[in-house]
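S.K.: need a 3D model of the sequence below.
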Amino acid sequence: MTGASSPAAVGAYLDALRTAPRRRRLATAGAIVAGLTVVLFHWLGFVLGGALVALAQPSLRRGLAAGLAFGVLAWLAFTLWLALMGDLALYVGMGQVLAVSTVLPLAGSLLGALARGVR
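M.R.: Residues are numbered from 1 along each chain as shown. Predicted coordinates:
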């Protein structure tokens, strides 16, 4: 395969992206927006968002940290939405629902971030 979408071409593009700090920050911001948009429709957006933000990072460690940060950001956005709707107190008192809805974005985003280690 020698097309523009070959694995070697994608790898070269990602390497160039990772070495340019401004492009990396823009790609990370775009990945956050894309991931949060998909999360509005399906929970697999956590995995997608974690993978996208991690792929823009220069190392696996930073990719995993970025994936975890995406999960935290997604959870904070959810709790902010609940606070704006006036339901945050009810949410905090829900026990298992609180636990699952906190772990799901973190675990899903970390799972997606593992894509950074595939090469």
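S.K.: now do the same contact list for residue 28.
M.R.: Listed by C-beta atoms under 8 Å, 6 or more residues apart in numbering, the contact set of residue 28 reads 53, 56-57, 66. C-betas here are computed from N, CA, C, even on glycine.
S.K.: need the helix or strand of this structure with the lowest average pLDDT.
M.R.: Using mean pLDDT, DSSP states H and E, helix 7-19 stands out as the lowest-scoring helix or strand of the chain, at a mean of 85.
S.K.: for that helix, packing partners?
M.R.: If you count contacts as 3 or more C-beta pairs under 8 Å, 6 or more residues apart in numbering; DSSP states H and E, helix 7-19 packs onto helix 21-39.
S.K.: using CSV, write out the CA atom coordinates for the helix it packs on.
M.R.: C-alpha atoms of helix 21-39 as CSV (Å, rounded to 0.1, in the frame of the first residue of the first chain):
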residue,chain,number,x,y,z
PRO,A,21,4.2,22.2,19.6
ARG,A,22,1.6,24.6,18.1
ARG,A,23,0.2,22.0,15.8
ARG,A,24,0.1,19.5,18.7
ARG,A,25,-1.8,21.9,20.8
LEU,A,26,-4.3,22.6,18.0
ALA,A,27,-4.7,18.9,17.3
THR,A,28,-5.3,18.2,21.0
ALA,A,29,-7.9,20.9,21.2
GLY,A,30,-9.6,19.5,18.2
ALA,A,31,-9.5,16.0,19.7
ILE,A,32,-11.1,17.3,22.9
VAL,A,33,-14.0,19.0,20.9
ALA,A,34,-14.5,15.9,18.8
GLY,A,35,-14.4,13.5,21.7
LEU,A,36,-16.8,15.6,23.8
THR,A,37,-19.2,15.9,20.8
VAL,A,38,-19.3,12.1,20.4
VAL,A,39,-19.8,11.7,24.1
